[in-house]
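Undergrad: sequence and computational prediction follow.
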Amino acid sequence: MKFGDFPEQYTGYEQSAIIVLPVPYDNTSTWLKGADRGPEALLRASAHLELYDIETATEVFRRGICTLDPVDCPQDPEEMVEVVRKNALAHFQAGKFVVGLGGEHSVSIGLARAAAGCFSDLSVLQFDAHSDLRDSYQGSRYNHACVMARINELSSSVQVGIRSMDREEVDRVDRDRVIFAHDLHKYGMNAASEALEMLSDTVYLTIDLDVLDPSVMPSTGTPEPGGLDWYTLTGLIRRVVREKKVIGMDVVELLPREHDPAPDFLAAKLIYRTLSMIYAA
Ligand SMILES: [Mn+2]
């Protein structure tokens, strides 16, 4: 299965600027299970994307978008992270823009490590309901609740949309680098300006779909009320891509629900819109 339904000539590895890497992994999630089915559902829905993007007046598929075979993930989270890192590193080194499809959020550790291995001065922009700053959770430092603790070991980060934390995480969060959901609700996108300035020039984007409100994104393992809407999320991404060089991204924690394909399509469209904005910038 491949991302989007466009002519063969735009899907080969050599000629593609963009590669899509499915990482169907779900092992450490703690509430609802099934994120390993996310990539397939997203790819299936992506066949129905319109290929013209209205806001940028572009057809980003013409840059070439190659969908790779899914990563064969070991069950152990630390081993999985290393397999993903090695896999993704080769594509960053080949000069590709990498789009990782989760899978639970821990897959992002491997993707971000690969990006940091290829780009010095990398920072990571995280969209998420959860700060994911626990040093360890349920016996693993590679649990999905520890993603940003691991990523902060190799690069700086900015966190957007946060609205759920444990007491332990309060001491670990850098308040200059976090944009809470309640502040976005109260002050609009202006609430984001100062924190986004903390990003370095080269940015990796990790989008946990639970950053969105469950009213538009119910298909996720840990739904949290009070999330962002479509235009707030894409507006923040647009602001970043105008000023920074985004070199890769992932969209994680899609937990497809039978009989409700709309969120799967949202996830696919979020990727296509983001790519459209990046390549139009
Ligand atoms: Mn989350």
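TA: Received the coordinates, thanks. Numbers count the residues shown, from 1 in each chain.

Undergrad: rest of the way, CA atoms for contacts and neighbours
TA: Will do.

Undergrad: ok, longest helix in the protein?
TA: With secondary structure taken from DSSP state H, the chain has its longest helix at helix 262-280.

Undergrad: quick check: buried residues in that helix?
TA: The neighbour-count check on helix 262-280 (16 or more other Cα atoms under 10 Å) flags 262-278 as buried.

Undergrad: which elements pack onto that helix?
TA: Contacts defined by 3 or more Cα pairs under 8 Å, 6 or more residues apart in numbering; DSSP states H and E place helix 262-280 against helix 38-46, helix 230-243, strand 245-252.

Undergrad: please, which helix or strand holds V81?
TA: helix 77-93 (DSSP states H and E).

Undergrad: follow-up on the earlier one: tilt between the longest helix of the chain and helix 38-46?
TA: With axes from the mean of the first three to the mean of the last three Cα atoms, to 10 degrees applied, the angle from helix 262-280 to helix 38-46 works out at 80 degrees.

Undergrad: quick check: mean pLDDT across helix 262-280?
TA: Mean per-residue pLDDT for helix 262-280: 98.

Undergrad: also stretch 39-48?
TA: What stretch 39-48 shows for mean pLDDT is 98.

Undergrad: restricting to C-alpha, output that stretch in CSV.
TA: The C-alpha coordinates for stretch 39-48 follow below in CSV (Å, rounded to 0.1, in the frame of the first residue of the first chain):
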residue,chain,number,x,y,z
PRO,A,39,0.0,3.1,9.1
GLU,A,40,-2.2,0.8,7.0
ALA,A,41,-5.4,2.7,7.8
LEU,A,42,-3.7,6.0,7.1
LEU,A,43,-2.3,4.7,3.8
ARG,A,44,-5.7,3.3,2.8
ALA,A,45,-7.4,6.6,3.5
SER,A,46,-4.6,8.5,1.6
ALA,A,47,-5.8,7.1,-1.7
HIS,A,48,-8.7,9.5,-1.5
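
Undergrad: give me the residues contacting it.
TA: Here stretch 39-48 makes contact (Cα atoms under 8 Å, 6 or more residues apart in numbering) with 1-5, 22-24, 101-103, 254, 256, 261, 264-265, 267-269.

Undergrad: shaky segments in this structure?
TA: Regions of the chain meeting the criterion pLDDT under 70 are absent.

Undergrad: ok, 90 please
TA: 28-33, 281 (pLDDT under 90).

Undergrad: would you list every one of the helices in it?
TA: Under DSSP H, the chain gives helices at 38-46, 77-93, 107-118, 147-151, 167-170, 181-187, 193-196, 230-243, 262-280.

Undergrad: what residues does the stretch 1-150 of the chain put near the ion?
TA: Residues of the stretch 1-150 of the chain found near the ion (Cα under 5 Å from the ion) are D128, A129, H130.

Undergrad: what sits against G226?
TA: Residues near G226 by Cα under 8 Å, 6+ apart: R163, A181, H182, D213.

Undergrad: at 7 Å what do you get?
TA: A181, D213 (Cα atoms under 7 Å, 6 or more residues apart in numbering).

Undergrad: over to the one 3 residues further on?
TA: For D229, the contact set (Cα under 7 Å, 6+ apart) comprises L212, D213.

Undergrad: could you check the angle the longest helix of the chain makes with strand 245-252?
TA: With the same axes, to 10 degrees applied, the angle from helix 262-280 to strand 245-252 works out at 170 degrees.

Undergrad: contacting residues around helix 262-280?
TA: Around helix 262-280, the neighbours that count as contacts under Cα under 7 Å, 6+ apart are 41-42, 45-46, 49, 53, 56, 58, 60, 216-217, 219, 238, 241, 256.

Undergrad: on that earlier part again, mind putting the helices and strands packed on helix 262-280 in TSV, mean neighbour count included?
TA: Listed next are the helices and strands packed on helix 262-280 as TSV, based on neighbours: other Cα atoms under 10 Å:
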stretch	mean neighbour count
helix 38-46	25
helix 230-243	16
strand 245-252	24
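
Undergrad: which of those sits closest to N143?
TA: Closest to N143 of the helices and strands packed on helix 262-280 is strand 245-252 (Cα to Cα; 13.9 Å).

Undergrad: what pairs with the closest one, parallel or antiparallel?
TA: Next to strand 245-252 in the sheet, as set by DSSP bridges, lie strand 97-102 (parallel), strand 202-208 (parallel).

Undergrad: do it and the ion meet?
TA: No - using Cα under 5 Å from the ion, strand 245-252 never reaches the ion; the gap is at least 8.8 Å.
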